[in-house]
Every structure is written in C-alpha cells, then in structure tokens.
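Student: quick check, what structure comes out for this input:
(4 chains)
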There are 2 protein chains.
Amino acid sequence: MTGPSARRVPSQARSRATVEAVVEAAAQVFERHGYGAGTTNRIAERAGVSIGSVYQYFDDKDAIVEAVALRHLADGAERLLPVLARLDGDLADVEPEVVLREVLVAMLDLHRDRPRLHRLLFEETPLTEAVRARGQALEDAAARMVATWLARRPDPPQHPALTARLLVEAVESWSHRVVLHPPPDADEPAFVTAATRILAAGL
Amino acid sequence: MTGPSARRVPSQARSRATVEAVVEAAAQVFERHGYGAGTTNRIAERAGVSIGSVYQYFDDKDAIVEAVALRHLADGAERLLPVLARLDGDLADVEPEVVLREVLVAMLDLHRDRPRLHRLLFEETPLTEAVRARGQALEDAAARMVATWLARRPDPPQHPALTARLLVEAVESWSHRVVLHPPPDADEPAFVTAATRILAAGL
DNA sequence: AGATAGTCTGAGCAATCCCTCATGTTCTGC
DNA sequence: GCAGAACATGAGGGATTGCTCAGACTATCT
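Tutor: Just a heads-up that it's a prediction; the model follows:
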C-alpha cells in the first residue's frame, strides 16, 4: 500500500535512458558489493549519472532495489512462462519424466543467469510488498499451469493444486541450490536425472 | 581462515553470563529489526550491558552474528540428529512413507521455533566462512544418514548419496516455506501428507 | 524567441553507526 | 589485605551514508 512516488516521471528519451542506466548499474553494484555496501553514490557513479539525477526518479534506496527486483522478476517470467505454457500444448501428452526434465532444465538456465543478484534480491534483502506480491503472483501462475497439467493426466493426484505447488517449490529450490552451491556428489546432468526420477515417480 | 579473536576470553562466571546475554539479545534484536537496523548499541542495551562490554568479547558486529548463527545451528543439530539417528534404529524397517512423515514433522517443528531468525541468519546475511562450513557439515551429516538408510532398503536407488541430498534439500525448503509462507491451498496436515506421498513414491 | 517544463549537477548536511579508550569497579590468588 | 588481573562503563571520535537543494543546462511549445 505504498503511495505513489512523489518523484518525477521520465517523459523524454534522455531521462528514460537515465532511469534504465540507474537500474542496470544498481543491479551490477548490488551483485558485486551486496546490499549494504551497494551505496547510492556508487550506483550513480557506475551509471555515469549524478547522484541528484538518481533521486529525481527514485524516492530512496529501497525504491531502486524494488525497481531492480521487478525488472528481474519480469525477465524471469518472460523466459519461464512460455515453457510452462507448452504443458497445455506440445508437452500435454508426453511422459512426465521428459516434461519434468524440460522444466527443470529451463529453470536451471534461468537461475544461471545472474545467480548472485537473484540470491541477493530475494534472500538478503527485505522485500517490498509490491515485489513480494508480484513474485507470489508469478509462482501462483506457474503452480496453476502445472496443476491443470496434472489434472488432465491419467491417474491424477488427489490435490492437483497442492501437488503442483510442492513440485514448483522443489524445482525452484533445487535449481537454486545447484547453481549457487553445486553438490560435491555429482555433476549437473546426474543431478537433473535424479531429480526428475524422484518427482516423476511420485506422480 | 579467520585468525583467532584478539579479544578477551571470558573466564569468570560474570563475564560468561555477559557473553550469553549478548548473544541472546542479539538474536532477539536481529529477529525484530533485521540485520541492518540491528545496531550494536541496541544489542548492548537489550542485553543490559554497556556497549564497551560487548566489544570486550567480540571483535566486531559480524562476530556477534557469527556467534548467534553458530548457536542456532547447534540448537538445530541437537534436535534433529537424534531423529535421523533413528533411521538406523527403530525406523530402519518401517515403510518409507511413515519415516518421511516423521522426519518432515520434526523438521517442521524445528523451523517453527524461530523462523524469522532462521531466515535472517541464512538468507539476509552474508555468512561467515565458519558458519557456512558448519552448516554444510551438518547437512552433509544428515544426507549421509539418509543415504545409508536408502542403501539398506530393498530396491535402493542407483545413487543413494545424490538421492539423499535431494530429499534433504526438498524437506528443508518445504518446511521452510510452510512455516514462513503458509500456502493458501491447504492446511499443514494436508501439506505433510502430499509431500510425504510425493517423496515416498519416488523411492 | 521567449516561456515553461524537463533534466542534470555535485558539494555538503544531517543522521547514523561501529567501535575505542580512559577510567572505575569487582574478583582472585597469595 | 593487597596487588594485579578480569570485568564493566559510556561519552564521543572517525567514518560513512542516504539524500537535499539551489542553480545551470536542454528540450518543447506557442
């Protein structure tokens, strides 16, 4: 329920470029220095912009973080939702093991992109309500798509919605882990195989 | 590879009480205010101790966080390892569904204790190497115990170690989630049932 | 061309925050 | 009971940070 920003809204091309430069610079600075050491002055410097310009468009430091997080979420959704949409298309009648592998691999690719930034945004930073809600909405959407896929299979589970959420959760946390803390026991393909086997057998 | 602390080591009962008060106060302050706003002066105040006394026994703020994290890890291990030890005892020949439920419930109880502190220590804070290593060691121990349980069952999986790690990971992240962000789809018993069903079927 | 609104600048203010240190108090061993 | 070690105190130094503001430059419109 954060009120609308009291700041200026960029209208010209020049200022839109400024805002984008700030968001990208903030992503890089946070990635490299973490949240606390990612100072606003450093962000401005890296963006090649005066600190004053930053505060023309962002209420405060948290607003910058929020913008970075929202852009990161949007990128993720843009890459992941198409794959999940295939559950209702060409993947509808494929064996679950293959489907799960497809989804897991896509998730791994996604997390490989900016793992440190991802971790920082969603684990080292107190999330804004807006970001939390948006992330929740995305996870809900993903869970719904998986749930309808489950419900249409032969011998569907008793609680497709709940099962779907658990699946999403497991895939999310596993890919998280394998990117940030690669397990010593095995390489990535073995990991994917074992994970798909566990989940596929449970359906 | 952090060198030994240059600070005083408490030898009298009075100073040991001070150190313990500081650690507990820090846990409470971090729990309430987060890492950034959990200032050292506030910790000292809550501990009923001068800020000077804090720095008699801790090198810096991070050393306080480290002490809190290590104590939290020790508490968790003390509560969880006995349950896992039963895998080689009275739970050795029970159906996997029952075993998994037992473990999952124990994990849920554990996370219910101080969920906010847990989240903060391991997700909002840059971990010290010592803490990271200790946490890794505990997870390794847990994974090993699960792995030997798997290996001794009829029809064991091809890679017990990897499968065990995936199971531990899933149980950990699920119980994490259900405590911090209870799913809207179902209550906790339904969650436990669905989770155990998925994992048990996959073995 | 003048006027208005948009954009940019960066020195520096106000507010913390972490941590020190000089001083005082309590304990322990002899 | 005394000396020395352990323990406790808290005002404030030094450093840093988020953010402001007064003013200058640029774009757009009539």
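
Student: interface residues of chain A facing DNA strand D?
Tutor: A:12-14, A:37-41, A:51-52, A:55, A:60-62 (C-beta under 7 Å from any atom of the strand). For every residue, glycine as well, the C-beta is placed using N, CA and C.

Student: okay, these in CSV with distance to DNA strand C and pLDDT next?
Tutor: Listed next are these as CSV, based on distance: C-beta to the nearest atom of the strand, whole Å; pLDDT from 0 to 100:
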residue, distance to DNA strand C, pLDDT
A:Q12, 3, 97
A:A13, 8, 97
A:R14, 4, 97
A:A37, 12, 91
A:G38, 16, 95
A:T39, 10, 97
A:T40, 9, 98
A:N41, 7, 98
A:I51, 5, 98
A:G52, 2, 98
A:Y55, 7, 98
A:D60, 13, 96
A:K61, 13, 96
A:D62, 15, 94
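
Student: let's see if you can find the most crowded of those residues.
Tutor: Most neighbours among the residues of chain A next to DNA strand D, by other C-beta atoms under 10 Å in any protein chain shown: A:G38, with 23 neighbours.

Student: how far away is that residue from A:D113?
Tutor: 19 Å (C-beta to C-beta, to the nearest Å).

Student: confidence score at A:M1?
Tutor: Looking at A:M1, its pLDDT stands at 52.

Student: disregarding residues adjacent in the polypeptide, which is nearest to A:L91?
Tutor: Distances taken as C-beta to C-beta, 6 or more residues apart in numbering or on different chains put A:V99 closest to A:L91, at 5.1 Å, once the chain neighbours are dropped.

Student: can I get the lowest-mean-pLDDT helix or strand in chain A in CSV, CA atoms only?
Tutor: Lowest on mean pLDDT, DSSP states H and E among the helices and strands of chain A sits helix A:115-123, with a mean of 87. Output of helix A:115-123 as CSV, limited to C-alpha atoms (Å, rounded to 0.1, in the frame of the first residue of the first chain):
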residue,chain,number,x,y,z
PRO,A,115,22.6,-16.1,-9.5
ARG,A,116,24.2,-13.7,-7.1
LEU,A,117,21.8,-10.9,-7.9
HIS,A,118,18.9,-13.4,-7.6
ARG,A,119,20.1,-14.5,-4.2
LEU,A,120,20.6,-11.0,-3.0
LEU,A,121,17.3,-9.7,-4.1
PHE,A,122,15.2,-12.5,-2.6
GLU,A,123,17.3,-13.6,0.3
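
Student: could I get the CA-only coordinates of the next helix or strand after that helix as PDB?
Tutor: Using DSSP states H and E, the helix or strand that directly follows helix A:115-123 along the chain is helix A:129-152. Only the C-alpha atoms of helix A:129-152 are listed here, as PDB (Å, rounded to 0.1, in the frame of the first residue of the first chain):
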ATOM      1  CA  GLU A 129       5.300  -5.600  -0.500                       C
ATOM      2  CA  ALA A 130       5.000  -4.900  -4.200                       C
ATOM      3  CA  VAL A 131       7.800  -7.300  -5.100                       C
ATOM      4  CA  ARG A 132       6.600 -10.000  -2.800                       C
ATOM      5  CA  ALA A 133       3.100  -9.800  -4.300                       C
ATOM      6  CA  ARG A 134       4.500  -9.900  -7.800                       C
ATOM      7  CA  GLY A 135       6.700 -12.900  -7.000                       C
ATOM      8  CA  GLN A 136       3.800 -14.600  -5.400                       C
ATOM      9  CA  ALA A 137       1.600 -14.000  -8.300                       C
ATOM     10  CA  LEU A 138       4.100 -15.500 -10.700                       C
ATOM     11  CA  GLU A 139       4.600 -18.500  -8.500                       C
ATOM     12  CA  ASP A 140       0.800 -18.900  -8.300                       C
ATOM     13  CA  ALA A 141       0.500 -18.700 -12.100                       C
ATOM     14  CA  ALA A 142       3.200 -21.300 -12.500                       C
ATOM     15  CA  ALA A 143       1.500 -23.600  -9.900                       C
ATOM     16  CA  ARG A 144      -1.800 -23.200 -11.700                       C
ATOM     17  CA  MET A 145      -0.400 -24.200 -15.100                       C
ATOM     18  CA  VAL A 146       1.300 -27.300 -13.500                       C
ATOM     19  CA  ALA A 147      -1.900 -28.100 -11.700                       C
ATOM     20  CA  THR A 148      -4.100 -28.200 -14.800                       C
ATOM     21  CA  TRP A 149      -1.400 -30.300 -16.500                       C
ATOM     22  CA  LEU A 150      -1.500 -32.800 -13.600                       C
ATOM     23  CA  ALA A 151      -5.300 -32.800 -13.500                       C
ATOM     24  CA  ARG A 152      -5.600 -33.800 -17.100                       C
END
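
Student: so how far is stretch A:124-143 from its chain's centroid?
Tutor: 9 Å (C-alpha atoms, centre = their mean, to the nearest Å).

Student: pull out the buried positions in that stretch.
Tutor: Using 16 or more other C-beta atoms under 10 Å in any protein chain shown as the test for burial, stretch A:124-143 gives A:124-125, A:127-128, A:131, A:134-135, A:138, A:142-143.

Student: between the residues you listed, which sits nearest A:L166?
Tutor: Proximity of the buried residues of stretch A:124-143 to A:L166 was ranked by C-beta to C-beta; the top entry is A:A143 with 9.1 Å.

Student: list the contacts for the closest one?
Tutor: A:161, A:164-165, A:168 (C-beta atoms under 8 Å, 6 or more residues apart in numbering or on different chains).

Student: pull the most distant pair out of these.
Tutor: Every pair of the contacts of A:A143 checked by C-beta to C-beta; the farthest is A:A161 and A:V168, at 10.8 Å.

Student: in strands, which of the residues of chain A next to DNA strand D fall?
Tutor: Under the assignment DSSP state E, those contribute nothing to strands.

Student: output the residues you listed in CSV; the columns should cover distance to chain B.
Tutor: Below are the residues of chain A next to DNA strand D laid out as CSV (distance: C-beta to the nearest C-beta, whole Å):
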residue, distance to chain B
A:Q12, 36
A:A13, 36
A:R14, 34
A:A37, 10
A:G38, 12
A:T39, 13
A:T40, 14
A:N41, 18
A:I51, 21
A:G52, 25
A:Y55, 20
A:D60, 14
A:K61, 11
A:D62, 11
